[in-house]
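Visitor: just need the structure, nothing else, for what follows:
(one chain, ligands or ions: 2)
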Amino acid sequence: MTRLALLNDAVARLEQAGIEDARRNAEWLLEDVLGVSRAMLYAHPEAAVSEGEQLHLEALLVRRLRREPLQYVLGYAEFFGLRLRVTPAVLIPRPETEEVVEAALGHLDGLETPWILDIGTGSGAIALALKDRHPSAEVFACDVSADALAVAAENAERLDLALTLVHTDVLNAAFAHDVTPTFHLVISNPPYVPETERATLQPEVRDHEPETALFVPGEDPLRFYQRLADLAPTLLKPGGFVVVETHADHGFGVRDLFRDAGFAEATLKADLSGRPRILTARYVR
Ligand code: SAM
Ligand code: GLN
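Guide: Ligands and ions are numbered 1, 2, ... in the order given. Now for the predicted structure:
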């Protein structure tokens, strides 16, 4: 079969399954299998595809048709210009989280060696992006999931970006013993989806991404933010910043929470869709 015939067949099957951006998905899979760029794919549409490559494509396509996210099928995701390995042990880093990194970078200006802590690092996306931009930074990254930390470690190694990885539960009292330095910046994209929204999530997210990464345990949707505010005196240097991503419904709630906890300059930024969900606040003693 030719490239074009395989591509058209894959597009038709993905469309049939109701998958958004069916053509783009099919292109990504075929590019990956053939090891060619999109431009090359279309430059030689009549090129023959070997049987081995056809079988490989079929295996990937079947996974995608079962609604496994494209990035898990490919095994990688792009984040802040870095190619990160992703497995079902980690949340697939989202484009809006790049804006959280961007907001944080603005607070590191003038610091020779910023001390940074990423809470709930998953694939290591935020921590690695900051270290990449600020090679002299001391970047700590923690997660409750040992499997996620293994992926973060693999990414750090592959990208040659040094992180200090800590396996710990931020909600546990022992956290302060596990993470002892004080930081100029504490950054987090914590779990913030309430259990009540489970049914509204796309099957790719609901059925494939890690529960621990998505859902807030318990009744309080702001639980992780309250914990960060409570930890501020032990974690942050005076004048240090907290930068967090929030649920679109809770940006203002999180801002008020940090204001009430005595933080200064608590400000919300909108994401690219205009929803206020990037919160920065400054810890002043
Ligand atoms: N930082 C990554 C990103 O932005 O792509 C992953 C964010 S994901 C929404 C939240 C992460 O927090 C998951 O990796 C999850 O395992 C971790 N996590 C959940 N509960 C935690 C806890 N109690 N202590 C530490 N990490 C936790
Ligand atoms: N942004 C993710 C989603 O779209 C949720 C990530 C999180 O809970 N921090 O479902």
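
Visitor: can you pull the pLDDT of the residue in the stretch 1-150 of the chain positioned nearest to ligand 2?
Guide: Closest to ligand 2 within the stretch 1-150 of the chain is Arg94: 5.1 Å, counting by CB to the nearest ligand atom. In short, each C-beta sits where N, CA and C put it, glycine included. According to the prediction, Arg94 has pLDDT 97.

Visitor: same question for Gly251.
Guide: pLDDT, Gly251: 97.

Visitor: what's near enough to touch Thr87?
Guide: Tyr72, Gly75, Asp147, Val151 (CB atoms under 8 Å, 6 or more residues apart in numbering).

Visitor: which of these count as buried?
Guide: For the contacts of Thr87, a burial check counting by 16 or more other CB atoms under 10 Å picks out Tyr72, Val151.

Visitor: in helices only, show me the contacts of Thr87.
Guide: Tyr72, Asp147, Val151 (DSSP state H).

Visitor: the helices in the protein, which residues?
Guide: For the chain, the helices defined by DSSP H cover 3-16, 22-34, 38-43, 51-65, 70-74, 95-105, 125-133, 146-159, 175-178, 203-206, 211-214, 223-235, 251-260.

Visitor: counting contacts, what elements does the fifth one pack onto?
Guide: Spelled out, it's helix 70-74. helix 22-34, helix 51-65 (3 or more CB pairs under 8 Å, 6 or more residues apart in numbering; DSSP states H and E).

Visitor: so the last one versus helix 22-34, what angle?
Guide: Put plainly, it is helix 51-65. Relative orientation of helix 51-65 versus helix 22-34 (axes from the mean of the first three to the mean of the last three CA atoms, to 10 degrees): 140 degrees.

Visitor: state the mean pLDDT of helix 51-65.
Guide: Mean predicted lDDT for helix 51-65 stands at 97.

Visitor: do the first one as well
Guide: What helix 22-34 shows for mean pLDDT is 97.

Visitor: so of the helices of the chain, which one's packed in deepest?
Guide: Ranked by mean neighbour count, the helices of the chain are led by helix 125-133 with a mean of 24 (mean count of other CB atoms under 10 Å).

Visitor: is any residue of that helix near ligand 1?
Guide: Yes. Using CB under 6 Å from any ligand atom, helix 125-133 reaches ligand 1 at Ala125, Ile126.
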